[in-house]
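Asker: Sequence below, structure please.
(chains A, B and C)
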Amino acid sequence: MDELLTGLNPAQKEAVTYSGGPLLVLAGAGSGKTRVLTHRAAYLVASGKAEPHNLLLLTFTNKAAEEMRNRLYSLLEKIVEEKNFDRPFAGNFHTFCAYLLRREGPAIGLSRSFVIYDEDDQLSLIKNLMKKMNVDDKNFKPAAIRGVIEHSKNDFLTAEDFLNLHSGSWHQTVGEIYRTYQQNLKKIAALDFTDLLIYGVKLFKEKPEILKKYQRIYRFVLVDEYQDTNKAQYLLTKLLSKESGNLTVVGDAAQAIYSWRGADYRNLLSLSADFPKIKIINLEENYRSTQNILDVSYQVICKNRKHPVLKLKSLQEKGVRPVVFKALSETDEAEFVCEKIKQLTDFCAVAPAEIAVLYRTNAQSRVFEEAFINHNIPYILYGGVKFYERAEVKDVICLLRVIHNQNDIISWGRIEKNFGKRRKEKVKNYLQSRKEKETKVLIEEMLEISSYLQKFDKDKEEDLRKLENIKELLSVAENFPDLTDFLENVALVQQEYSLQEKEKRKKVGEAVKLMTLHASKGLEFAVVFIVGLEEGLLPHYQSLEDEERLEEERRLCYVGMTRAKKFLFLTFAVRRLYFGQTNYNDLSRFLEDIPEELLKKEGNWDEDEDWELE
DNA sequence: GAGGGGGCGGTTTTT
DNA sequence: CCGCCCCCTC
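Answerer: Predicted structure coming up:
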């Protein structure tokens, strides 16, 4: 038990051992927050307050969930073996809700064998409905409508609420689409991602006896990255822990960067109202960055007024001042980054793998890719199409989904479109005669009868990659012989199996990382370049008019800066070619917020050029 | 059913 | 400027 506390600082220790009910841990960047959460969970077990199955650990993303699970399981390994305990549930909200609804869904009228629709399926369904309803897709963009529907659902607004709330013909039409969309999901027995969460809440609200059952099982609810929860997730955690009061949440409002998809950092703050006796612990010791980096980051984030900001203290040395580089153009900027990388790797013993280039938009990556190729710098580009979203993979999955649920008209529609009418008929015939089989066998047989693979030309590199991906899918299927399990994993775990991903993994240890600021959350690097610090880019031009959104851009900048352990470079370009247009942007207001003496200027500054340009 | 051409849109992205 | 999506044609 004591080994769970060794190496923790006093605040961390207090958070791990606190036994008085609701607990809110405000954990700054690099302050060891996942460590606190997992150690607390393990401590509850070690001290005999809970058995592992009484714990429920939740977070938003698979990546974070996996990290959390691995760390916790290794902490619990010994005791689980000794006492023959089950391992606790540690996963993301959607997976938990899917588990819950497969079990208890019938109580609120759901089919146990519902399919889960992803964004692509949602769009197909919406387009499908719009055609039937004779709505033109010029004035009514399916993607926009999908967004509106999702937002409404996140706010627990039904189609009827939506129609009552908005007048205007555009909204009335969208409301009608929303209503039809929901009806169709019901008919198909499909749930979209948001449904998983809101039906989870609905279940608990409408069936108190079921809620009670789960409250008694999960006597300790622990949530990581609480600033990323949306309304439904907030309600879920609140409902589950209402009886026990044992809710532990960890988060940092200053790192909330996902409000555009429904996350609301105010959930972190409203907990105090819902649990008046909540204990609040601040983690302000930073193990990651030098004090110089933290000072610069603080100057940026402290301008935010709508949420508390922690003042972090570094446990590392003072370090060197972050550099601000003025580039003449976007190519000049990329050249500077290459030069610095060469210097750092050649003379400062920094490994390329320890370096990251972070940008606001994916479109900025191209220039860096070109420069890295020219300079022979190995790199990995993050972002791009996901394995399960690849056309060929999705096609095969649709074959399986119609086995699972023959009413799935969206999958049938896709099969007809991508396989042709004749092959679709063959698939239909096959379904009449099939027996229970393992997933892999099912795929093989269906590929055979639909002669799908013949679509591809082995001599074309592109097609070869697609065949490779299908092969990969087959080997995933080996791990999930049960079809329902397989489809659930496909929908919710979304692990990467693509060939590209394998190549990436091989390079991880030796290449510079290129990614968006969003993608960098939770990671750390010895050297960080934040590029394109310009008005219109960071902050992004679509955020300039709105105070809330500007604050989020500022948090995004802060998240990027606090990824850096030793060296931080901030760059901007006076002139930039972007989407084929030359722009002359002012330097970012976030840079102007930093007192000049905290930075070191490099690049094309004019003699005595004022820091404050405005 | 495939392949070419025109038009348009382009922030971030997880489940 | 690039890439995707849709539609048209053969």
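Asker: going forward, measure contacts between C-alpha atoms and count neighbours the same way
Answerer: Noted.
Asker: Can you name the residues of the stretch 251-400 of chain A sitting close to DNA strand B?
Answerer: Contact residues, the stretch 251-400 of chain A versus DNA strand B (Cα under 7 Å from any atom of the strand): A:Tyr258, A:Trp260, A:Arg261, A:Arg360, A:Thr361, A:Asn362, A:Ala363, A:Gly383.
Asker: among the residues you listed, which two are most distant?
Answerer: Using Cα to Cα, the two most remote members of these are A:Arg261 and A:Ala363, lying 20.8 Å apart.
Asker: between the two, which one's more packed in?
Answerer: Comparing A:Arg261 with A:Ala363 by other Cα atoms under 10 Å, the one with more neighbours is A:Arg261, at 14 against 11.
Asker: Identify the residues contacting that one.
Answerer: With contacts defined as Cα atoms under 8 Å, 6 or more residues apart in numbering, A:Arg261 is in contact with A:His151.
Asker: Just the pLDDT at it, thanks.
Answerer: At A:Arg261, the predicted lDDT confidence score is 85.
Asker: The residues of the stretch 251-400 of chain A next to DNA strand B, buried ones only, as a PyMOL selection?
Answerer: Here is the PyMOL command that selects only those of these that count as buried (16 or more other Cα atoms under 10 Å):
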select buried, chain A and resi 258+360+362
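Asker: and the stretch 1-150 of chain A, which residues reach DNA strand B?
Answerer: When proximity is defined as Cα under 7 Å from any atom of the strand, the stretch 1-150 of chain A approaches DNA strand B at A:Phe60, A:Thr61, A:Asn62, A:Lys63, A:Asn92, A:Phe93, A:His94, A:Thr95, A:Asp118, A:Glu119.
Asker: SS state for the fourth one?
Answerer: Assigned by DSSP: H, G, I helix; E, B strand; the rest coil, the conformation of A:Lys63 is helix.
Asker: any idea how far it lies from A:Gln364?
Answerer: With distances taken as Cα to Cα, to the nearest Å, A:Lys63 is found 25 Å from A:Gln364.
Asker: possible to save the residues of the stretch 1-150 of chain A next to DNA strand B as TSV with pLDDT and neighbour count?
Answerer: As requested, these are exported to TSV (pLDDT from 0 to 100; neighbours: other Cα atoms under 10 Å):
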residue	pLDDT	neighbour count
A:Phe60	89	22
A:Thr61	88	16
A:Asn62	88	18
A:Lys63	86	15
A:Asn92	92	22
A:Phe93	95	25
A:His94	95	24
A:Thr95	94	22
A:Asp118	89	15
A:Glu119	88	14
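Asker: Any chance of TSV for the residues you listed, columns distance to A:Ser475?
Answerer: Putting these into TSV (distance: Cα to Cα, whole Å) gives the following:
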residue	distance to A:Ser475
A:Phe60	27
A:Thr61	24
A:Asn62	21
A:Lys63	21
A:Asn92	24
A:Phe93	27
A:His94	25
A:Thr95	22
A:Asp118	22
A:Glu119	25
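Asker: In strands, which of those fall?
Answerer: Cross-referencing those with the strands (criterion: DSSP state E) gives A:Asn92 as the overlap.
Asker: Which members of the residues of the stretch 1-150 of chain A next to DNA strand B are the farthest-apart pair?
Answerer: A:Lys63 and A:Glu119 (19.4 Å).
Asker: List the residues that contact A:Tyr430.
Answerer: Going by Cα under 8 Å, 6+ apart, the list of residues near A:Tyr430 reads A:Met446, A:Ile449.
Asker: Return the distance of the helix or strand hosting it from the chain's centre.
Answerer: Following DSSP states H and E, one finds A:Tyr430 within helix A:421-433. Computed by Cα atoms, centre = their mean, to the nearest Å, the chain-centroid distance of helix A:421-433 equals 38 Å.
Asker: quick one: buried residues of that helix?
Answerer: A:Arg423, A:Lys424, A:Val427, A:Lys428, A:Tyr430.
Asker: among those, which are in reach of DNA strand B?
Answerer: Among these, DNA strand B is touched by A:Arg423 when using Cα under 7 Å from any atom of the strand.
Asker: mind putting the buried residues of helix A:421-433 in TSV, distance to A:Val528 included?
Answerer: Supplementary listing: these in TSV, determined by distance: Cα to Cα, whole Å:
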residue	distance to A:Val528
A:Arg423	52
A:Lys424	51
A:Val427	52
A:Lys428	54
A:Tyr430	55
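Asker: Can you give me the end-to-end span of stretch A:449-463?
Answerer: Start to finish, the residues bounding stretch A:449-463 are 20 Å apart (Cα to Cα).
Asker: quick one: buried residues of that stretch?
Answerer: Going through stretch A:449-463 with 16+ other Cα under 10 Å, the ones that come out buried are A:Ser450, A:Tyr452, A:Asp463.
Asker: And stretch A:145-153, by the same measure?
Answerer: In terms of neighbour count (16+ other Cα under 10 Å), stretch A:145-153 has its buried residues at A:Ile145, A:Arg146, A:Val148, A:Ile149, A:Glu150, A:His151, A:Ser152, A:Lys153.
Asker: now do stretch A:257-274
Answerer: Residues of stretch A:257-274 classed as buried: A:Ile257, A:Tyr258, A:Ser259, A:Gly262, A:Ala263, A:Asp264, A:Tyr265, A:Arg266, A:Asn267, A:Leu268, A:Leu271, A:Ser272 (neighbour count, 16+ other Cα under 10 Å).
Asker: Stretch A:378-395 now?
Answerer: By neighbour count, and taking 16+ other Cα under 10 Å as the criterion, the buried residues in stretch A:378-395 are A:Pro378, A:Tyr379, A:Ile380, A:Leu381, A:Tyr382, A:Phe387, A:Tyr388, A:Glu392, A:Val393, A:Lys394, A:Asp395.
Asker: same thing with stretch A:278-285?
Answerer: Counting neighbours by 16+ other Cα under 10 Å, one finds that the buried residues in stretch A:278-285 are A:Ile278, A:Lys279, A:Ile281, A:Asn282, A:Leu283, A:Glu284, A:Glu285.
Asker: So what touches the one helix or strand A:Ala42 maps to?
Answerer: A:Ala42 belongs to helix A:33-46 when assigned by DSSP H and E. Outside of helix A:33-46, the residues within contact range by Cα under 8 Å, 6+ apart are A:1, A:4-5, A:12, A:15-17, A:27, A:50-52, A:55, A:68, A:71-72, A:75-76, A:79, A:222, A:224, A:250-251, A:283.
Asker: the strands in the stretch 51-200 of chain A, which residues?
Answerer: Secondary structure of the stretch 51-200 of chain A, counting by DSSP state E, counting those that start in this stretch: strands at A:55-59, A:89-92, A:115-117, A:190-192.
Asker: mind checking how far the first one is from the chain centre?
Answerer: With Cα atoms, centre = their mean as the basis, the distance from the averaged C-alpha position of strand A:55-59 to the chain average is 17 Å.
Asker: Kind regards, and thank you for your time.
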